[in-house]
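Trainee: quick one, fold the following:
(one chain, ligands or ions: 1)
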Amino acid sequence: MVVTPWEVKGDVDYDRLVKEFGTEKIDSALLKRIEKHTGEIHFMLRRNIFFSHRDMNWLLNEYEKGSKFFLYTGRAPSGPVHLGHLIPWVFAKWIQDKFGAEMWFQFPDEEKFLLKDNLSLEDTAKYTRENMLDVIALGFDPKKTHFLIDTKHAGIMYKEAVRIAKHITFSTIKASFGFTDSTNIGAIFYTAMQATPAILPSAMKKKNIPCLIPLGIDQDVHFRVARDVYPKLGYYKPAILHSKFMAGLKEGGKMSASDPMSAIYTTDTPAEAKKKINNAFSGGRDTVEEHRKLGGNPDIDVPFQYLRMLLEPDDKKLKKIYDDYKSGKMLSGEMKQICIEKLNTFLAAHQKKREEAKKLLDRFIFKE
Ligand code: TRP
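Mentor: Numbers count the residues shown, from 1 in each chain. Below is the predicted model of the structure:
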């Protein structure tokens with residue numbers, strides 16, 4: 001298994017990541033504590049899609065003492081947004097609503113330019129705009145949400161970034177990211193840019209504000225490196241909530257923007273979405289007779305995973321689908337049909353809001 005910000009390969013063992021990264025599992029005590037403030041538990045928490053954390057109890061202690069936190073997450077523009085990207089963002093929007101939290105959303109438009117061979121800064125600028133529309137479409141509050149674009153907001157970010165960078169050595173970055181002596185120096189510096197928004201609101205307001213970062217667990221490494229630095233600069237370490245990866249369309253592996261055959265994009269047409277789901281890896285048996293007799297395997301069925309992770313928030317409905325598929329009562333074609341309908345309803349609503357987002361874009365971009 002390989003889990004880095006730029007590559008996820010093999011069967012991901014999430015328990016092992018918790019141990020290796022030194023995070024904590026989200027347990028029922030923590031869920032209860034969250035529920036005390038939110039009144040309900042988001043399905044992504046109930047279903048263990050957000051499964052791990054750092055310092056959540058500290059964050060809630062602060063909150064209970066009256067110290068409000070802000071949210072921070074991001075997206076390095078490198079192509080269109082797919083369903084897997086939406087997981088932490090849909091969840092973050094829920095946290096924003098429940099806690100009235102400000103959201104700082106970073107678009108590091110230099111990251112993939114530095115780390116991939118085939119993207120120009122003009123390409124990432126184009127994707128920045130496209131990706132911003134997807135974030136807005138999820139319903140974040142324009143009054144409480146601030147977009148930071150690295151090359152545009154470098155002027156306000158750079159001071160904090162160099163303060164952070166001064167405490168991180170090349171050997172730490174090399175070991176953490178598997179870089180070598182021939183890695184370009186922009187890639188080596190990049191972690192300082194990703195670490196910056198977690199303290200930027202505190203630096204601007206000249207007071208310490210707790211921060212919560214919902215992210216896919218592949219992004220944890222940047223903050224593992226930066227966590228030791230924040231207190232040296234007089235800031236809190238941010239709390240983090242880690243999510244699992246969304247399965248790709250093919251057997252095994254995660255949904256990946258760089259592999260169009262693995263991904264459903266938010267801009268796919270109903271016909272494209274239908275075709276992709278119909279070709280997706282299924283947990284069904286080879287023949288109908290066998291399937292009826294032995295049942296299917298929803299745990300590896302990709303259309304079922306999309307329902308579980310994003311498209312069917314209703315636990316009762318999801319359980320019925322799970323049970324019917326497992327018992328053989330429901331066939332793979334029927335599972336796919338349910339997924340296609342849910343997906344196309346979701347995409348139609350998202351694409352409508354995405355269009356409307358074009359008018360709102362300017363309100364989200366941070367102004368000094
Ligand atoms: N590196 C992330 C990506 O590749 C983008 C990002 C920037 C981010 N800041 C973040 C992700 C904070 C999670 C949390 O898309």
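
Trainee: is it true that L347 touches Y265?
Mentor: No. Judged on CB atoms under 8 Å, L347 makes no contact with Y265 at a distance of 9.1 Å. C-beta: built from backbone N, CA, C; applies to glycine.

Trainee: so what's the residue count around E20?
Mentor: 11 (other CB atoms under 10 Å).

Trainee: with G252 instead?
Mentor: Burial of G252 is recorded as 12 neighbouring residues (other CB under 10 Å).

Trainee: list phi and psi for it.
Mentor: G252 adopts backbone torsions of phi 70, psi 160, taken as degrees, to the nearest 10.

Trainee: quick check: closest non-adjacent residue to it.
Mentor: What sits nearest to G252 in space, not counting adjacent residues and going by CB to CB, 6 or more residues apart in numbering, is D11, at 7.0 Å.

Trainee: where does that neighbour land in three-state SS?
Mentor: Look at D11: counting by DSSP: H, G, I helix; E, B strand; the rest coil, its state is coil.

Trainee: could I get the pLDDT score of it?
Mentor: With respect to pLDDT, D11 has a value of 88.

Trainee: over to M261?
Mentor: For M261, the pLDDT comes out at 79.

Trainee: surely it is in a helix?
Mentor: Yes. With three-state DSSP as the criterion, M261 is assigned to a helix.

Trainee: OK, contacts around E24?
Mentor: 18, 52-54, 56 (CB atoms under 8 Å, 6 or more residues apart in numbering).

Trainee: could you give the bridge partners of it?
Mentor: Beta-bridge pairing for E24 (DSSP bridges): H53.

Trainee: and the residue most central in space within the chain, helix, strand or coil?
Mentor: Closest residue to the average C-alpha location of the chain: P88 at 3.5 Å, with CA atoms, centre = their mean. Here P88 is recorded as helix under three-state DSSP.

Trainee: wouldn't it be in contact with P214 here?
Mentor: Yes. Using CB under 8 Å, P88 makes contact with P214 at a distance of 4.5 Å.

Trainee: those strands in the stretch 151-300 of the chain, which residues are they?
Mentor: Here the stretch 151-300 of the chain has its strands, by DSSP state E, counting those that start in this stretch, at 211-216, 239-243.

Trainee: out of those, which is closest to E35?
Mentor: With CB to CB as the measure, strand 239-243 is the member of these nearest E35 (14.6 Å).

Trainee: could I get the contacts of E24 as TSV with neighbour count?
Mentor: As requested, the contacts of E24 are exported to TSV (neighbours: other CB atoms under 10 Å):
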residue	neighbour count
V18	18
S52	22
H53	21
R54	22
M56	18
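
Trainee: which one of those residues sits closest to the ligand?
Mentor: Lowest distance from the ligand to these (CB to the nearest ligand atom) belongs to R54, with 12.6 Å.

Trainee: so what's that closest one up against?
Mentor: Taking CB under 8 Å, 6+ apart, one finds 23-24, 223, 227, 237-240 in contact with R54.

Trainee: partner residues bridging the closest residue to the ligand within the stretch 151-300 of the chain?
Mentor: Nearest to the ligand, among the residues of the stretch 151-300 of the chain, is L215, at 3.8 Å (CB to the nearest ligand atom). Beta-bridge partners for L215, by DSSP bridges, are H242.

Trainee: shouldn't it be in contact with K244?
Mentor: No. If you go by CB under 8 Å, L215 and K244 don't touch, sitting 11.4 Å apart.

Trainee: any common contacting residues for the two?
Mentor: By CB under 8 Å, 6+ apart, no residue touches both L215 and K244.

Trainee: and the helices in the stretch 1-150 of the chain?
Mentor: Secondary structure of the stretch 1-150 of the chain (DSSP state H, counting those that start in this stretch): helices located at 14-21, 28-38, 43-46, 56-64, 83-99, 111-115, 121-137, 150-165.

Trainee: okay, those in JSON lines with distance to the ligand and mean pLDDT next?
Mentor: JSON lines is the format used below for the helices of the stretch 1-150 of the chain (distance: least, CB to the nearest ligand atom, whole Å; pLDDT from 0 to 100):
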{"stretch": "helix 14-21", "distance to the ligand": "14", "mean pLDDT": "97"}
{"stretch": "helix 28-38", "distance to the ligand": "20", "mean pLDDT": "98"}
{"stretch": "helix 43-46", "distance to the ligand": "16", "mean pLDDT": "98"}
{"stretch": "helix 56-64", "distance to the ligand": "16", "mean pLDDT": "98"}
{"stretch": "helix 83-99", "distance to the ligand": "7", "mean pLDDT": "98"}
{"stretch": "helix 111-115", "distance to the ligand": "6", "mean pLDDT": "97"}
{"stretch": "helix 121-137", "distance to the ligand": "9", "mean pLDDT": "98"}
{"stretch": "helix 150-165", "distance to the ligand": "9", "mean pLDDT": "98"}
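
Trainee: need the contact list for N57.
Mentor: With CB under 8 Å, 6+ apart, N57 has these contacts: 30, 33.
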